[in-house]
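S.K.: next come a sequence and a model predicted from it.
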Amino acid sequence: MKKPILSLLACTFFAGCGGDETTASTAEPAPALSKTAAVEMTPVQRGAKIYARCRACHTLDEGGRHKVGPNLWDIYGSKSGSKEGFAYSKAMKAANIVWDDETMDGYLKRPSAFMPGNKMTFIGLKKQEDRDAVQAYMKSETTP
Ligand code: HEC
């Protein structure tokens, strides 16, 4: 005899529980889930928003094309300036660093100071939490 109680509960989340059609679509506990998600964004979700500032110049997907900046698939653990088919600056080619949490953090904080002469015209992300979030997102998207 649980059914009537359940649909009653569902009706408290959805305005307009009347016809059979709307009742059918209230079977899932979606409202509770989406409420939680809105309050607590994961770092990856936050990073996705911040990545909007990089998207004009970079793709992240495997085999993605180079734009103003190189495609960043598999960037973690790879050497700076090593993506084939991209015309890097001399500074980037000579830098000889491996991208990891630390080097990426330094570069994204202020590209021009971290690597003088590199040609990424991006001011940088001042906030540590923003850099951490964008790194979490990049990792989730670029790791093979
Ligand atoms: C205006 C375009 C532009 C924007 C915006 C931009 N980049 Fe870049 N990025 C570049 C260019 C150009 C290079 C190559 C620099 C060079 O060769 O000196 C580069 C290089 C890089 C590299 C090194 C790639 C390699 O192969 O070694 C990383 C990592 C990177 N960008 C991440 C980011 C992230 C993350 C953001 C956003 C927070 C961002 N970029 C925003 C243009 C951009």
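M.R.: Happy to help now that I have it.
S.K.: can you report how many residues lie near residue 119?
M.R.: Neighbouring residues of residue 119 were enumerated by other Cβ atoms under 10 Å; the total is 15. Yep, even glycine has a C-beta here, placed from its N, CA and C like the rest.
S.K.: one more: residue 104?
M.R.: Per other Cβ under 10 Å, the neighbour tally for residue 104 reads 20.
S.K.: likewise for the one 4 residues further on?
M.R.: Each residue near residue 108 was counted by other Cβ under 10 Å, and the total is 21.
S.K.: for residue 47, give me its contacts.
M.R.: Going by Cβ atoms under 8 Å, 6 or more residues apart in numbering, residue 47 touches 133-138, 140.
S.K.: list only buried entries from the residues you listed.
M.R.: Among those, those classed as buried by 16 or more other Cβ atoms under 10 Å are 133-138.
S.K.: give me every residue in this protein lying close to the ligand.
M.R.: Contact residues (Cβ under 6 Å from any ligand atom) of the chain with the ligand: 53-54, 56-58, 68-70, 72, 75, 80-83, 88-89, 91-92, 99, 108, 118-122, 125, 134.
S.K.: list the buried ones in the helix or strand containing residue 103?
M.R.: Under the criterion DSSP states H and E, the helix or strand holding residue 103 is helix 101-109. Within helix 101-109, the residues scored as buried using 16+ other Cβ under 10 Å are 103-109.
S.K.: between the residues you listed, which is nearest residue 49?
M.R.: The nearest member of these to residue 49, counting by Cβ to Cβ, is residue 108 at 15.0 Å.
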